[in-house]
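> No letters, just coordinates:
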């Protein structure tokens, strides 16, 4: 698409989606006064949330609902309709689109379900018919099978009793239930939202369209996504990369397990895709991945409340000795760096109370500070202003042996001090309070009342509060990693012009090697022998030692079948090896054998590709050889790859010592491996009929990297 046309399309898309978040009128088709119906609840959502525009209930059988005049159909509504919420049966939707076209409606939210998510072919066909009809009418669709939008500034909600305080967090969710839960529980942690959309089956407006909107939306500074599957994998990946250069994006993926994948089909008719592909998409795009709603909420707290974190040098203060030790362990486990107290802090301590010098350390134990000549607020100030500390984590004193009067006064003073420190905003500052998991009767206890009041006071002061050091440290560490990588340029690599291969469905090793050789990947010389005589002659031509490999369409794993013979050093050995290799075929048809030079020294790696149903070609790299499936030290990347992507993949394997040179071996040429991965990426982007490639092993020799075996499967 040409740049001008693309910009116009993007601008139109933004304007369309923005119009529903900032609508002046909403029609609720299927509005009802029956309290169990969604037609009733969507009326209540708008009224109770303080919607600022006009509300038009539509129902041919009613005159008035919740003190609002009811219209028999859309065409009878006076004036413009900016946004339409459809709460009627699936078979009535096509007729509604005709009315909506007459009223020049631009967007319809289809709460209506029972479409493709049911698996019913007729429902799927109806869904397709509705889309075609809407497209012809110039109407965009949200859903079907979704809860629609939540926009606090406009007074629009998709659930009861959600906070209507506007903020800077935006979100897109395939599930309405998940969207509501995230908003509700994150609000309890002080997070406020710009707008959130539940989009269900994504028949028309999909996750890529919505993410593009949030990327451009000036009110949204942090984005979260709950997703089960994508419609346009590469487009989505491209927008993810672009968005993460400006705003943090937190992604929670549903359908990771086999049971979860099955459930996604019945929930939103989505194909879940492979976990390896999603991991690669997030890593390549600098997307923060959450494992569950609780972690997503912690990450929202961190990104919403903390400034950009430029390093992981962490100071810890508060609690007693044991809690400080545990906190230090949790922070280090999360990847934070709990440093020794910086020199400026040590000098401050020595000046204020020499007896504390060399005793106080990081974590700073409040029980020691409180018995010294150093005032708590002074200690906090010293830490927060130190150039040697980039993150300050405070552990609130949540339990001690004191009575109500003393403890309440103590905790209130502690909270007051934390608020003073937070106002300086000199360092990212967060508080850990613990999670008592109270019962209803516990709230009456003076201790828990004081605890909850302290939590509320801190959150109202815009201080991030975490329920454990572990969850807080994990979220802060991921935030730091995002900001430290944010400057990294994200790009979709250029795809070179090359003539695609046109050979058969399952390529033999010789054909596969020829194909990857054409792509620029170095292979060892491999010749084809039909007979024993030819095998012996070719062995002499190549020069001993050699390797024999069986070529038989019915044998995929040659080593397992006994179809590989290594390190053949003489003609006699070659004759014996030929007999053994061909005998291993059993009843399988033998085309011949591959004769190739033996490469005896080097480190073995594996490179390959398989196609993900959502993202397309997914490249693999890892420790290779016959044990690759046992070791499973591999990492994935989504094509097309550039050199930076490839180098990051190489850095992702666990056994880095093998790459760095193990037991006197020379370090492996990482640049050379990256070159192979990029060439492989270019090759599969050009040859869309390739389903799978397996190059195992690629051997790193002193002379360079050589692919000594390859397998290619085509559609």
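Perfect, I can see it now. Keep in mind the model is a prediction, meaning the values are calculated, not measured.
> thinking residue 372 is in contact with residue 355, fair?
Yes - between residue 372 and residue 355 there is a contact under C-beta atoms under 8 Å: 7.1 Å. In short, each C-beta sits where N, CA and C put it, glycine included.
> more crowded one of the two?
For residue 372 versus residue 355, the count of surrounding residues by other C-beta atoms under 10 Å is larger for residue 372: 16 against 11.
> Could you tell me how far the more buried one is located from residue 417?
Here the criterion is C-beta to C-beta, to the nearest Å. By it, residue 372 lies 16 Å from residue 417.
> again with residue 637
For residue 637, the distance to residue 417 (C-beta to C-beta) stands at 47 Å.
> which of the two has more neighbours?
Ranked by neighbour count (other C-beta under 10 Å), residue 637 and residue 417 place residue 637 first, with 27 against 19.
> Figure out the helix or strand that the more buried one lives in.
Under the assignment given by DSSP states H and E, the secondary-structure element containing residue 637 is strand 634-638.
> What pLDDT does the model give residue 535?
The confidence metric pLDDT takes the value 92 at residue 535.
> cool, and the one 3 residues further on?
In the prediction, the pLDDT value recorded for residue 538 is 94.
> Contacts only, for it.
Under the criterion of C-beta atoms under 8 Å, 6 or more residues apart in numbering, the neighbours of residue 538 are 527, 529, 595.
> what's near enough to touch residue 40?
With contacts defined as C-beta under 8 Å, 6+ apart, the neighbours of residue 40 are 31-34, 65-66.
> where does it land in three-state SS?
Taken by DSSP: H, G, I helix; E, B strand; the rest coil, the conformation at residue 40 corresponds to helix.
> Distance-wise, check it relative to residue 67.
Taken as C-beta to C-beta, the span from residue 40 to residue 67 is 13 Å.
> average pLDDT for stretch 573-587?
On average, stretch 573-587 scores 89.
> To clarify, my last question referred to stretch 28-43.
The average of the pLDDT scores along stretch 28-43 is 96.
> what do you get for stretch 162-173?
In this model, stretch 162-173 carries a mean pLDDT of 98.
> just stretch 593-607 next, same as before
88.
> do stretch 280-293 as well
The average pLDDT for stretch 280-293 rounds to 95.
> Now do the contacts for residue 325.
When the contact criterion is C-beta under 8 Å, 6+ apart, the partners of residue 325 are residue 363.
> Now do the SS call for it.
When states are read from three-state DSSP, the local structure at residue 325 comes out as helix.
> Report pLDDT for it.
Listed pLDDT for residue 325 reads 92.
> Distance of it relative to residue 315?
Here the criterion is C-beta to C-beta. By it, residue 325 lies 15 Å from residue 315.
> Excluding chain neighbours, give the residue nearest to residue 599 in space.
residue 699 (5.2 Å; C-beta to C-beta, 6 or more residues apart in numbering).
> partner residues bridging the one you found?
In this structure, residue 699 has the following beta-bridge partners (DSSP bridges): residue 604, residue 706.
> still on that earlier bit, which one among the contacts of residue 40 gets closest to residue 617?
Of all the contacts of residue 40, the one sitting nearest residue 617 is residue 31; the distance, using C-beta to C-beta, is 48.4 Å.
> Report how many residues lie close to that closest one.
Summarising burial for residue 31: neighbours were counted as other C-beta under 10 Å, giving 26.
> Hmm, residue 57 and it touching each other?
Yes - Residue 31 is within contact range of residue 57, at 3.3 Å (criterion: C-beta under 8 Å).
> Give me the common contacts of the two.
Common contacts of residue 31 and residue 57 (C-beta under 8 Å, 6+ apart): 39, 43, 65, 68, 70.
> burial count for the last one?
When neighbours are defined as other C-beta under 10 Å, residue 70 has 20 of them.
> For it, list the residues it contacts.
With C-beta under 8 Å, 6+ apart as the criterion, the residues that contact residue 70 are 31, 57-59, 62-64.
> Okay, the closest residue to residue 176 other than its chain neighbours and residue 647: tell me how far apart.
Distance criterion C-beta to C-beta, 6+ apart; nearest residue to residue 176, sequence neighbours excluded, is residue 147 at 2.9 Å. Here the criterion is C-beta to C-beta. By it, residue 147 lies 42 Å from residue 647.
> Between those two, which has more neighbouring residues?
Comparing residue 147 with residue 647 by neighbour count (other C-beta under 10 Å), the higher total belongs to residue 147, at 28 against 17.
> Need the pLDDT of the more buried one.
As predicted, residue 147 sits at a pLDDT of 97.
> Equivalent analysis for residue 558, please.
With respect to pLDDT, residue 558 has a value of 81.
> what's the helix ranked longest in the chain packed up against?
The longest helix of the chain (DSSP state H) is helix 404-424. Using 3 or more C-beta pairs under 8 Å, 6 or more residues apart in numbering; DSSP states H and E as the contact criterion, the neighbours of helix 404-424 among helices and strands are helix 376-385, strand 391-395, strand 429-432, helix 446-460.
> Where does the closest residue to residue 362 other than its chain neighbours sit, in terms of helix or strand?
Closest residue to residue 362 in three dimensions, ignoring its sequence neighbours and counting by C-beta to C-beta, 6+ apart: residue 341, at 5.0 Å. Secondary-structure element containing residue 341, defined by DSSP H and E: none, the residue being outside all helices and strands.
> Could you do residue 224 as well?
According to DSSP H and E, residue 224 maps onto strand 222-227.
> try residue 123
When secondary structure is defined using DSSP H and E, the element that contains residue 123 is helix 121-137.
> outside of stretch 434-449, which residues touch it?
Outside of stretch 434-449, the residues that reach it under the criterion C-beta under 8 Å, 6+ apart are 396, 398, 404, 407-408, 451-452, 467-468.
> Hmm, which of those residues is lowest in pLDDT?
By predicted confidence (pLDDT), the lowest-ranked of the contacts of stretch 434-449 is residue 398, with 72.
> distance of the nearest residue to it once chain neighbours are set aside from residue 459?
Distances taken as C-beta to C-beta, 6+ apart place residue 434 nearest to residue 398, at 4.8 Å, with adjacent residues excluded. Here residue 434 is placed at a distance of 15 Å from residue 459 (C-beta to C-beta).
> you'd agree residue 35 is in a strand?
No - Residue 35 sits outside any strand when classified using three-state DSSP, being coil.
> so how many other residues sit close to it?
Per other C-beta under 10 Å, the neighbour tally for residue 35 reads 8.
> Can you find the helix or strand of the chain with the lowest average pLDDT?
helix 258-268 (a mean of 49; mean pLDDT, DSSP states H and E).
> following that helix, which helix or strand comes up?
Past helix 258-268, further along toward the C-terminus, the next helix or strand under DSSP H and E is helix 275-285.
> got a list of contacts for that following helix?
When contacts are taken as C-beta under 8 Å, 6+ apart, the neighbours of helix 275-285 outside the stretch itself are 236-237, 240-241, 244, 249, 251, 253, 256, 287-289, 490, 612, 614-615, 618, 620, 635-638, 645, 648, 652.
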